[in-house]
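In: Predicted model follows, preceded by the sequence.
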Amino acid sequence: MKQFESFRLDTSNECLWQNRVQINLPPRPFAVLRYLVENPGRLISHNELLDALWPETFVQPQVLRTYMLDLRKVLGDDPARPRFIQTLPKRGYCFVAQVVDASGPEAGTAFASETQPSVPDGVVGREQELIRLKTLAQALACGQRQTVFITGPTGIGKTALVDAVCRQMSAMLSATVACSQCVEGLSKKEDYYAVKEILRQLCASAVGETATRIIAGVAPAWLPTSARDTEPTTNDARSTPPKTPGDLCRALEELAKEKALVLVFEDLQWANDSTLELISALARRRTPAKLMVLATYSSHCTSAEHPLKALKQDLVMHRQCAELALAPLAKTAVRQLLSRELGQETLPAGLDTFVYQHSEGNPLFVLALLRHLIAERYIARDGANEAGEWKQRAPFPEMETGLPQELVQLIDPEIERLSPAEQRTLEAASLMRVVFPAWAVAAALEQDPAETEEACDKLARRLCFVHRAGHDELPDGTRSDFYAFAHGLYREVLYQKQSASRRAKGHTRI
């Protein structure tokens with residue numbers, strides 16, 4: 001373990017610690033940081049870094065800039081006045097902080113509980129998030145309302161964390177929990193679709209009688225049809241007041257006066273404006289209530305212009321909500337997840353490293369890759385019975401696993417939503433690995449570089465599984481922006497969608 005200032009680099013579990021808080025880094029940025037930390041105080045050229053981390057593989061040098069940007073954000077490093085990573089223009093990088101060996105007995109004792117944390121409720125690698133949510137639950141028990149956004153890309157484990165939290169809330173506070181799912185397309189067609197589902201659950205729950213009485217008395221227009229004594233007549237419908245968010249807020253606060261109430265909104269990126277307005281009102285009201293709104297949304301489906309982004313940013317600025325952005329799992333957590341799924345402590349040699357590198361710590365991708373390896377019999381039980389240990393058939397680095405169909409089916413719909421021109425742009429981008437310069441996309445498509453760069457920029461602003469990563473200076477002195485796919489699997493799916501001849505033509509033009 002290496003220490004620099006308040007950070008410790010755990011090379012065994014491939015994660016970073018700061019003041020006893022674990023920071024999960026994806027495999028590639030971690031590998032870059034590790035090489036820098038293990039070679040402090042000297043110039044590390046671009047070629048040395050590329051050769052050390054990607055031997056026998058062609059990688060665009062621009063990829064290093066992307067990882068340096070990510071590392072500086074994590075370390076809080078200012079490139080103008082670097083405390084850790086100094087850029088030496090057109091030459092390379094130098095790690096300037098003092099590095100000490102922290103692998104002695106004292107360090108092992110201090111971090112023993114952190115590198116081998118408990119796994120409550122079957123949730124792997126989310127101990128810090130659960131501690132934070134437990135703290136918020138304690139404030140909730142004292143009557144301080146809470147609004148919590150749990151964010152992250154598809155498959156990062158938002159639902160699993162919410163399920164664990166709801167179980168803890170029920171056990172700790174005897175909380176009433178009601179959950180709803182915002183559905184793409186449907187939520188836009190029906191105002192308050194997810195809210196109505198929550199109210200139906202409340203009226204049918206163990207506190208249903210109380211919930212029905214309070215809603216009928218305070219916000220009668222919101223009472224679900226299933227909770228009414230009789231169907232309303234035409235005259236009754238005319239006399240029913242309109243649904244106003246203020247009435248519903250008062251009803252929910254009344255219900256949450258004595259007993260904690262947790263309202264879960266999943267996939268909030270698909271919610272309509274009316275649902276977002278209600279959540280905003282619940283978060284901003286100051287009446288004491290044991291009321292928590294727990295909302296998840298996928299960062300890959302939420303563009304910068306999405307109203308949810310503006311709502312969350314405003315609430316964060318006024319300290320009226322908490323946000324938990326889930327990072328990829330560390331290697332030690334991936335190992336725990338694989339052990340749990342296979343039902344054995346000892347894993348086939350190299351399985352955790354192989355899956356970690358290909359999944360980049362995304363739990364959904366970890367499980368999909370594991371199922372794919374089993375289906376293709378890259379790993380199999382030793383012996384004829386189901387009790388045998390799982391063994392590998394060949395060293396994992398030598399395997400050509402292909403793309404798990406489960407992941408292709410997950411990513412394909414996101415791509416199919418795009419126009420044909422946008423799909424062609426991204427397919428051309430996939431010819432250049434995970435990081436791609438706009439000039440190369442223009443070359444592959446035989447298009448104007450300026451127009452292609454603008455098209456890439458629009459996609460980066462709107463999609464979120466593509467992001468702008470910097471710019472490059474070409475030999476003639478012009479500049480070209482470059483971009484990166486959020487995950488290598490997106491690039492791989494786009495690459496495989498093209499015929500071999502079309503890929504060959506694109507490579508030749510580049």
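Out: Right, received. Where do you want to start?

In: since we're on Leu75, how many residues are nearby?
Out: When counting by other C-beta atoms under 10 Å, one arrives at 21 neighbours for Leu75. Every C-beta, even on glycine, is put in place using the N, C-alpha and C of the backbone.

In: Just list what the helix or strand hosting Gly246 packs against, helices and strands only.
Out: Assessed by DSSP states H and E, Gly246 sits inside helix 245-255. Where contact means 3 or more C-beta pairs under 8 Å, 6 or more residues apart in numbering; DSSP states H and E, helix 245-255 is packed against helix 208-218, strand 261-266, helix 273-284.

In: and these as JSON lines, adding distance to Val165?
Out: Output for those, formatted as JSON lines (distance: least, C-beta to C-beta, whole Å):
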{"stretch": "helix 208-218", "distance to Val165": "21"}
{"stretch": "strand 261-266", "distance to Val165": "8"}
{"stretch": "helix 273-284", "distance to Val165": "17"}
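
In: tell me the most buried of the ones you listed?
Out: Among the helices and strands packed on helix 245-255, the stretch with the highest mean neighbour count (mean count of other C-beta atoms under 10 Å) is strand 261-266, at a mean of 25.

In: Show me the shaky parts of the stretch 51-200 of the chain.
Out: Scanning the stretch 51-200 of the chain for pLDDT under 70 picks out 56-61, 103-122, 187.

In: And the strands in it?
Out: 85-88, 92-95, 100-101, 146-152, 176-181 (DSSP state E, counting those that start in this stretch).

In: Save those as JSON lines, and put in distance to Asp51 and mean neighbour count too.
Out: JSON lines is the format used below for the strands of the stretch 51-200 of the chain (distance: least, C-beta to C-beta, whole Å; neighbours: other C-beta atoms under 10 Å):
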{"stretch": "strand 85-88", "distance to Asp51": "17", "mean neighbour count": "16"}
{"stretch": "strand 92-95", "distance to Asp51": "12", "mean neighbour count": "20"}
{"stretch": "strand 100-101", "distance to Asp51": "26", "mean neighbour count": "10"}
{"stretch": "strand 146-152", "distance to Asp51": "33", "mean neighbour count": "22"}
{"stretch": "strand 176-181", "distance to Asp51": "48", "mean neighbour count": "21"}
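
In: out of the ones you listed, nearest to Ala375?
Out: strand 146-152 (26.9 Å; C-beta to C-beta).

In: Pull the closest one out as PDB, backbone CA atoms only.
Out: Extracted C-alpha coordinates of strand 146-152, given in PDB (Å, rounded to 0.1, in the frame of the first residue of the first chain):
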ATOM      1  CA  GLN A 146     -35.200  13.800   3.500                       C
ATOM      2  CA  THR A 147     -34.900  13.700  -0.300                       C
ATOM      3  CA  VAL A 148     -32.200  11.400  -1.700                       C
ATOM      4  CA  PHE A 149     -31.200  10.900  -5.300                       C
ATOM      5  CA  ILE A 150     -29.300   7.700  -6.100                       C
ATOM      6  CA  THR A 151     -27.700   8.100  -9.500                       C
ATOM      7  CA  GLY A 152     -25.400   6.200 -11.800                       C
END
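
In: quick one: strands adjacent to that strand?
Out: Strand 146-152 has its sheet partners listed here by DSSP bridges as strand 291-298 (parallel), strand 322-325 (parallel).

In: still on that earlier bit, among the strands of the stretch 51-200 of the chain, which is nearest Arg468?
Out: It's strand 85-88; of these, that one is closest to Arg468 (C-beta to C-beta) at 18.7 Å.

In: Adjacent strands (with direction) for the closest one?
Out: strand 92-95 (antiparallel).

In: ok now the partner strand, how far from the chain's centre?
Out: 30 Å (C-alpha atoms, centre = their mean, to the nearest Å).

In: And for stretch 178-196?
Out: That offset, for stretch 178-196, works out to 22 Å (C-alpha atoms, centre = their mean).

In: So which bits of that stretch are buried?
Out: Counting neighbours by 16 or more other C-beta atoms under 10 Å, one finds that the buried residues in stretch 178-196 are Ala178, Cys179, Ser180, Gln181, Cys182, Val183, Ser187, Tyr192, Tyr193, Ala194, Val195, Lys196.

In: re earlier: any chance of the helices and strands packed on helix 245-255 in TSV, with distance to Val63 and mean pLDDT too?
Out: Output for those, formatted as TSV (distance: least, C-beta to C-beta, whole Å; pLDDT from 0 to 100):
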stretch	distance to Val63	mean pLDDT
helix 208-218	54	93
strand 261-266	34	96
helix 273-284	37	94
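
In: one step back: looking at the strands paired with strand 146-152, which one is packed in the most?
Out: strand 291-298 (a mean of 24).
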